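**Q** I need the structure of the sequence given here:
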Amino acid sequence: MTQSPPTFKPLRPLKGVRVLSLALNLPGPAALMRLRTMGATCTKAEPPAPAGLSSGDPMGQYNPDAYATMHSGVRTITVDLKSAKGQAQLQRELARTDVLLTSFRPSALNKLGLGWKALHKAHPALSVVAIVGAPGARAEEPGHDLTYLADAGLVTGLDLPATLFADMGGALMAAEAVLKAVLTQKISGQGVFQEVALSDAAAWLALPRSWGLTQPSGAVGGAHAGYRVYPCKGGRVALAALEPHFAAALCQVVGVQMQGMATMFKPATHAAVAQFLAGQTRAQLDKLAVKHDLPLHTLG
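**A** Numbering: from 1, shown residues only. This next block holds a predicted model:
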């Protein structure tokens, strides 16, 4: 009798942890989505919605589907932080919150009475994770995902990046910061303040490029014939035959005699691989991938 593979329940290390977010747009809600999957009880406080609109978060206005996905399972409340009533409402929420997530500039938080010193005095056990554009003194500078990626050297032409790398990377770093805060709280009993900069997230993602790995002369930047995107019949193929055994299998299929890894960096090898793939359909390449254990993915 064949036994079914074991099923594993997802880890929920933040079960019982209460997170309140004031962060709008993408990084904060994306972080909240991650935290909820780790078991946190998540609440999102939004400003009053403009007349005729359903959400006080701009994301809810220009992409309702993304907004709905990120806020699934999240309790959403309306809080007018510019009013005395809203401030009192927020303080009641903070009294039963473990970690506060923000994405305002430091000056805006101070104006609202939500600077770290004031919060720590009123709620000693509360931790704060502040998402900012750039760290330290640069936190007041205006910016967005595109400018942080450009500063990190990740905008290499006139096309926009394929996704919002800095925002999504910053969301992961914010979720990591919440985990660190909770661990620290358990040890010290005191809340902590952590700043997460989207420019730091972009710089972290840019490290492989700064090391030369994804530069045109790098092995995963186009110099290795087995790690490139090639045209094929009816579409394209993303080929990732990087390791020696994958490269050897590719050379065998293409008809190139492999003489060490230097073979994969020769123009003749690039030409041979390109010519072979150009003559194959997507369906043929999918079958070749299975038959020869080649890491590739065909695209339209």
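**Q** what stretches of this protein score poorly on pLDDT?
**A** Where the chain drops to pLDDT under 70, the residues are 1-2.
**Q** tell me which residue is most central in it.
**A** In the chain, the residue lying closest to the centroid (Cα atoms, centre = their mean) is residue 168, at 2.7 Å.
**Q** check contacts around it.
**A** Counting by Cβ atoms under 8 Å, 6 or more residues apart in numbering, residue 168 touches 26, 27, 30. No exception for glycine: its C-beta is placed from N, CA and C like everyone else's.
**Q** a markdown table for these, including distance to residue 275, secondary structure and neighbour count?
**A** Conversion of these to a markdown table gives the following (distance: Cβ to Cβ, whole Å; DSSP: H, G, I helix; E, B strand; the rest coil; neighbours: other Cβ atoms under 10 Å):
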| residue | distance to residue 275 | secondary structure | neighbour count |
| --- | --- | --- | --- |
| 26 | 43 | coil | 25 |
| 27 | 45 | helix | 28 |
| 30 | 43 | helix | 24 |
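**Q** looking at those residues, which is nearest residue 18?
**A** Checking the contacts of residue 168 against residue 18 with Cβ to Cβ, the nearest one is residue 30 at 19.0 Å.
**Q** ok so, going back, now do the phi/psi pair for the residue nearest to the centre of the chain.
**A** Note on residue 168: backbone dihedrals following degrees, to the nearest 10 are phi -70, psi -40.
**Q** ok, residue 143 next?
**A** Residue 143 has phi and psi values of phi -180, psi 170 when expressed as degrees, to the nearest 10.
**Q** who's in contact with it?
**A** So, once contact is read as Cβ under 8 Å, 6+ apart, residue 143 ends up touching 133, 134, 198, 199.
**Q** count of neighbours near the third one?
**A** Under the neighbour criterion other Cβ atoms under 10 Å, residue 198 is assigned a count of 31.
**Q** so what does the one helix or strand residue 150 maps to touch, helix or strand wise?
**A** Using DSSP states H and E, residue 150 sits within helix 145-151. Taking 3 or more Cβ pairs under 8 Å, 6 or more residues apart in numbering; DSSP states H and E as contact, the helices and strands that helix 145-151 lies on are helix 165-188, helix 198-205.
**Q** what lies in contact with it?
**A** Residues from elsewhere that reach helix 145-151, judged by Cβ under 8 Å, 6+ apart: 26, 133-134, 155, 160-161, 164-167, 198-199, 201-202.
**Q** ok so, going back, ok, so of the contacts of residue 168, who is nearest residue 129?
**A** Looking at the contacts of residue 168 and their distance to residue 129, the nearest is residue 27, at 10.7 Å (Cβ to Cβ).
**Q** wait, a strand at residue 297?
**A** Yes - note on residue 297: a strand contains this position according to DSSP: H, G, I helix; E, B strand; the rest coil.
**Q** look up phi and psi at the nearest residue in space to it that is not next to it in sequence.
**A** Taking Cβ to Cβ, 6 or more residues apart in numbering, and ignoring the residues beside it in sequence, residue 297 has residue 238 as its nearest neighbour in space, at 4.7 Å. Note on residue 238: backbone dihedrals following degrees, to the nearest 10 are phi -90, psi 110.
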